[in-house]
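Q: Fold the following, please.
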Amino acid sequence: MRVKRGNVARNRRKKVLKLTKGFRGSRSKLFRPAHQAMLKALTNSFKDRRRKKSDFRGLWIARINAALFNTDLSYSKFINLCKNKNIILNRKMIAEVALQQPKAFEQFLSFVTA
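A: Down below sits the predicted model:
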């Protein structure tokens, strides 16, 4: 006897095609390439959620280093001074202050170097 899988198969394919909506070419239209693209995309999204944390840390370090450009301090010396003064401000907050309020960052820098 022949089994018709109508709803199950159609729903499975529709779910995959819905997830791949917006992909280029056959990756959003045909089931097999769409399924492969979906598997790769979900793998990358899992991996990149963890990588995003590292990327942002790098961005904050670059911003702090840019704010220290006109001074005689390097980033590593600045962080070392902060640790020696027991300043417990994370890199995100320091970078935000350096970007949004340069005058406040200069005062903070004078406090750290004093």
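
Q: Could you measure from the most centrally placed residue in the chain over to R13?
A: Of all residues in the chain, the one closest to the mean position by Cα atoms, centre = their mean is K52, 2.6 Å from it. Taking Cβ to Cβ, to the nearest Å as the measure, K52 falls 31 Å from R13. Using the backbone N, CA and C atoms, a C-beta is placed for each residue, glycine as well.

Q: What is the burial count for the residue nearest to L109 when sequence neighbours are not counted?
A: Nearest residue to L109 in three dimensions, chain neighbours excluded: T71, at 6.7 Å (Cβ to Cβ, 6 or more residues apart in numbering). Residues near T71, counting by other Cβ atoms under 10 Å, number 13.

Q: now do M38
A: 19.

Q: Let me see the contact set for it.
A: By Cβ atoms under 8 Å, 6 or more residues apart in numbering, the residues touching M38 are V16, L19, T20.

Q: Show the model's pLDDT score for the second one.
A: As summarised for this prediction, L19 has a pLDDT of 96.

Q: neighbours around the residue nearest to K92 when sequence neighbours are not counted, how many?
A: Nearest residue to K92, sequence neighbours excluded (Cβ to Cβ, 6+ apart): W60, at 5.4 Å. Neighbourhood size, W60 [other Cβ under 10 Å]: 19.

Q: Flag every buried residue along the helix or strand where W60 lies.
A: Taking DSSP states H and E as the definition, W60 sits inside helix 31-67. Within helix 31-67, the residues scored as buried using 16 or more other Cβ atoms under 10 Å are A34, H35, A37, M38, W60, I61, R63, I64, N65, A67.
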